[in-house]
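K.L.:
Have a look at this prediction, sequence included:
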Amino acid sequence: MSLNLFISYSRQESPFADSLLDELEDRGFKVWMDYQSLTPAKPWVEEIYRGIEEADVILLIVSKAVMVSKFAAAEMETAFELKKRIVLLIFEATELPPWLQHYEWIDFRRSFTKGLNELVQQLQSPRVMPPGPPEKGFAAPWVVWFSFLVSLAVCSVSLFSFWTLYIPYFLVPLPYRILKRDFSFFHVLLALFLLPFALIMSVGVIPGQSDSLTLFDAYWIFSTLLSLVLAPLLFLLLRSKAMRRWGKPIAVRPRFANRQIPRVLHPRPITFTVDAAPEDFRYNHDLTKGMEKYGHRFVAEAEAEVAFVLISRYKTATTLNPEARIVYPVLIQSTGAIDPKMERVQWIDFRRGLRNLDALAQLIPEPTKIFKALGIAPMGNQTVLPPIIRALVIYLIVLGIFTFGGWATSMLQLSHIISWKEVLGSVIWLLIILGSIYFATNSLLHRKGGVASPLYLLPVLMLGIGWSVLFLNSQTFQVKSSVSNKEDDLRGAVMLASLFIYVTGLMVLTPAALWYWKDFRRWCPQRHKRKRGPAPQR
């Protein structure tokens with residue numbers, strides 16, 4: 001007999017809850033989970049009460065976060081009052097209130113597959129459980145421990161890339177962060193990708209002590225070779241399904257829309273409105289045009305059947321009531337703030353751009369299909385960017401790493417022949433370039449500041465090229481006669497790499513930016529004069 005299940009959980013465990021939902025549905029269970037099952041324009045309290053009332057079993061994903069969740073507490077109180085069967089799924093050992101300690105429980109801490117099989121067996125053929133679920137102790141799947149050990153080794157070899165600053169900043173604390181489940185997925189994977197290249201280039205940054213092979217040199221060579229194995233291995237581990245179930249939303253691979261999206265060529269026309277910040281005018285405009293292409297009509301807020309709320313750093317709340325009308329939060333940019341009124345609603349994910357706009361326009365009359373195809377749980381602190389913006393951010397980070405490496409190379413190799421005035425001048429130039437790169441990167445990541453537009457980004461890149469050329473000419477060739485050929489080669493290696501990255505990056509990204517120009521322009525916030533009021537919605 002197929003059972004109706006109700007899942008109660010904390011947002012911090014939403015990646016685990018998503019996986020559990022998929023597996024239980026594949027096994028024929030009917031599962032109620034808030035953001036997947038809440039009906040738009042209906043009061044949540046009534047919907048949740050009905051979901052609990054109709055459920056045969058309540059599954060509570062036990063963690064420290066769920067014990068302080070007001071939503072989970074209300075759900076458990078309702079389940080207790082209705083005398084529902086409750087099964088505790090132990091994701092994290094934590095102290096439980098006395099009234100929860102006598103319920104059935106399944107330990108998911110060491111193995112998701114084993115826990116899932118035990119849960120299915122327990123649901124179909126209940127058996128007497130050992131007294132008292134675990135409330136103390138730390139346990140994790142073997143993949144987590146293996147990733148932890150590999151990250152320890154990566155941490156040690158990453159010390160040779162100290163000159164990049166970026167790589168050790170994210171990789172040295174990674175073992176601890178893996179156990180805490182809260183590392184930055186985007187930056188850690190980029191640091192792992194860059195690690196082998198940085199160690200290879202360290203030959204131009206770390207000065208050798210003698211012409212013969214020393215123990216230090218041997219350890220550096222061993223670390224470089226080891227990174228060629230460890231970095232890709234840890235990269236794959238962190239992207240695995242097991243690690244996705246383990247991490248908090250910020251530490252997992254983002255879950256995007258279903259690839260098999262149903263198509264409705266002639267959808268029923270509806271009236272809609274858009275609630276958006278003035279800075280998101282281009283997203284607003286393109287969303288409106290995409291909806292109108294399929295016969296939907298933009299109207300005033302009071303007349304609209306459906307309302308879209310564009311969520312970004314410029315708009316994290318709305319005056320619209322999702323319990324009184326159909327409201328679709330459309331996430332166009334990751335943001336840590338979540339409007340309490342929309343915490344229980346599934347969000348439509350357009351953080352990678354508006355490529356699924358046609359699917360949204362076709363499915364808009366059918367909320368259930370929209371949520372199945374395009375929806376995600378609200379998790380705003382992930383780093384998810386449109387492809388062209390992600391490429392530009394990575395490009396700027398790499399530029400900053402090798403710009404600093406080029407400067408460090410020259411200072412280490414030329415410290416005995418250049419004056420303090422030349423050092424001071426080079427430091428000033430370095431700070432100008434690194435400052436420009438930092439502010440450009442930060443602006444692109446968060447869509448803020450004066451350089452979050454093409455007009456400001458291009459001079460920053462050109463300034464970096466000019467600095468590389470100037471530095472190569474004024475330092476490398478000026479003192480060439482004073483330095484041996486071997487030292488000169490080492491000194492110029494990272495500088496040449498920096499210049500190569502500048503030039504080839506521009507050659508690749510310039511046509512890419514032109515090809516994805518709409519994505520690029522949408523991402524850059526619309527400027528407006530505040531004295532004249534906000535930009536029009538259409």
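P.N.:
Cool, got the structure.
K.L.:
Run through the helices of the stretch 201-350 of the chain in chain order.
P.N.:
Taking DSSP state H, counting those that start in this stretch to define them, one finds helices in the stretch 201-350 of the chain at 215-238, 241-246, 281-292.
K.L.:
Where among those helices is average confidence lowest?
P.N.:
For the helices of the stretch 201-350 of the chain, the weakest mean pLDDT is recorded on helix 215-238, namely a mean of 89.
K.L.:
what's the closest of the helices of the stretch 201-350 of the chain to Ile433?
P.N.:
Smallest distance to Ile433 across those (Cβ to Cβ): 27.1 Å, for helix 215-238. In short, each C-beta sits where N, CA and C put it, glycine included.
K.L.:
quick one on the thing from earlier: any chance of CSV for the helices of the stretch 201-350 of the chain, columns mean neighbour count?
P.N.:
Formatted as CSV, the helices of the stretch 201-350 of the chain follow (neighbours: other Cβ atoms under 10 Å):
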stretch, mean neighbour count
helix 215-238, 16
helix 241-246, 20
helix 281-292, 19
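K.L.:
Excluding chain neighbours, what is closest to Glu54?
P.N.:
Nearest-residue entry for Glu54: Asn4, 5.7 Å, with adjacent residues in sequence omitted and distances by Cβ to Cβ, 6 or more residues apart in numbering.
K.L.:
Let me fix that, I meant to ask about Ser156.
P.N.:
What sits nearest to Ser156 in space, not counting adjacent residues and going by Cβ to Cβ, 6+ apart, is Ser223, at 7.6 Å.
K.L.:
My read is that that neighbour contacts Val154, right?
P.N.:
No. At 10.1 Å, Ser223 and Val154 do not qualify as touching, with contact defined as Cβ atoms under 8 Å.
K.L.:
can the helices of the stretch 201-350 of the chain go into a markdown table with extra columns for distance to Pro322?
P.N.:
Putting those into a markdown table (distance: least, Cβ to Cβ, whole Å) gives the following:
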| stretch | distance to Pro322 |
| --- | --- |
| helix 215-238 | 35 |
| helix 241-246 | 28 |
| helix 281-292 | 18 |
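K.L.:
Any idea which of those gets closest to Leu60?
P.N.:
Comparing the helices of the stretch 201-350 of the chain by Cβ to Cβ, helix 241-246 comes nearest, at 16.9 Å.
K.L.:
Can you list the helices and strands that the closest one packs against?
P.N.:
If contacts are counted by 3 or more Cβ pairs under 8 Å, 6 or more residues apart in numbering; DSSP states H and E, helix 241-246 sits against helix 14-26, helix 142-157.
K.L.:
now for those, which one comes closest to Arg527?
P.N.:
That would be helix 14-26 among these, by Cβ to Cβ, at 35.3 Å.
K.L.:
Residues contacting that closest one, please?
P.N.:
With contact meaning Cβ atoms under 8 Å, 6 or more residues apart in numbering, helix 14-26 is reached by 5, 7, 9, 31, 33, 36, 59, 61, 89, 91, 108, 112, 116, 120, 241, 244-249, 252, 255, 377, 379.
K.L.:
Give me the buried positions along it.
P.N.:
Buried positions in helix 14-26, judged by neighbour count with 16 or more other Cβ atoms under 10 Å: 14-21, 23-24.
K.L.:
after it, next one along is what?
P.N.:
The helix or strand immediately downstream of helix 14-26 is strand 30-32, counting by DSSP states H and E.
K.L.:
Show me which positions of that next one end up buried.
P.N.:
Buried, per 16+ other Cβ under 10 Å, within strand 30-32: 31-32.
K.L.:
Now do whichever helix or strand comes after it, average pLDDT.
P.N.:
Remark: after strand 30-32, the chain's next helix or strand is helix 34-37, criterion DSSP H and E. Mean pLDDT, helix 34-37: 78.
K.L.:
gap between stretch 111-124 and the chain center?
P.N.:
Put simply, stretch 111-124 sits 30 Å off its chain's centre (Cα atoms, centre = their mean, to the nearest Å).
K.L.:
now do stretch 115-134
P.N.:
Distance, stretch centre to chain centre, for stretch 115-134: 34 Å (Cα atoms, centre = their mean).
K.L.:
Pop the domain breakdown of the chain in here.
P.N.:
Domain ranges of the chain: 4-124, 150-248, 271-383, 388-515, per automatic domain parsing.
K.L.:
Take those domains and write them to a markdown table, including distance to Pro141.
P.N.:
Shown next, in a markdown table, are the domains of the chain (distance: least, Cβ to Cβ, whole Å):
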| stretch | distance to Pro141 |
| --- | --- |
| domain 4-124 | 6 |
| domain 150-248 | 6 |
| domain 271-383 | 21 |
| domain 388-515 | 29 |
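K.L.:
and Ala359, what helix or strand is that in?
P.N.:
Assigned by DSSP H and E, Ala359 belongs to helix 357-363.
K.L.:
What residues sit buried inside that helix?
P.N.:
For helix 357-363, by 16+ other Cβ under 10 Å, it's 357, 359-363.
K.L.:
Give the other helices and strands that the helix or strand that it is followed by contacts.
P.N.:
For helix 357-363, the following helix or strand on the C-terminal side (DSSP H and E) is helix 367-374. If contacts are counted by 3+ Cβ pairs under 8 Å, 6+ apart, helix 367-374 sits against helix 34-37, strand 347-349, helix 357-363.
K.L.:
which stretch in the helices and strands packed on helix 241-246 has the least confidence?
P.N.:
The weakest mean pLDDT among those belongs to helix 14-26, with a mean of 91.
K.L.:
Let me have that helix in PDB, keeping just the CA atoms, if that works.
P.N.:
C-alpha atoms of helix 14-26 as PDB (Å, rounded to 0.1, in the frame of the first residue of the first chain):
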ATOM      1  CA  SER A  14      17.100  21.400   1.900                       C
ATOM      2  CA  PRO A  15      19.700  19.600  -0.300                       C
ATOM      3  CA  PHE A  16      19.300  16.500   1.800                       C
ATOM      4  CA  ALA A  17      15.500  16.900   1.800                       C
ATOM      5  CA  ASP A  18      15.400  17.300  -2.000                       C
ATOM      6  CA  SER A  19      17.300  14.000  -2.400                       C
ATOM      7  CA  LEU A  20      15.000  12.200   0.000                       C
ATOM      8  CA  LEU A  21      11.900  13.600  -1.800                       C
ATOM      9  CA  ASP A  22      13.200  12.300  -5.100                       C
ATOM     10  CA  GLU A  23      14.000   8.800  -3.800                       C
ATOM     11  CA  LEU A  24      10.700   8.400  -2.000                       C
ATOM     12  CA  GLU A  25       8.700   9.500  -5.000                       C
ATOM     13  CA  ASP A  26      10.700   7.100  -7.200                       C
END
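K.L.:
so where do the strands sit in this protein?
P.N.:
4-8, 30-32, 57-62, 85-90, 104-107, 271-275, 297-298, 306-311, 326-331, 347-349, 375-376 (DSSP state E).
K.L.:
Rebuild those as TSV, extending it with distance to Phe404.
P.N.:
TSV is the format used below for the strands of the chain (distance: least, Cβ to Cβ, whole Å):
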stretch	distance to Phe404
strand 4-8	48
strand 30-32	50
strand 57-62	44
strand 85-90	46
strand 104-107	47
strand 271-275	43
strand 297-298	49
strand 306-311	35
strand 326-331	34
strand 347-349	35
strand 375-376	37
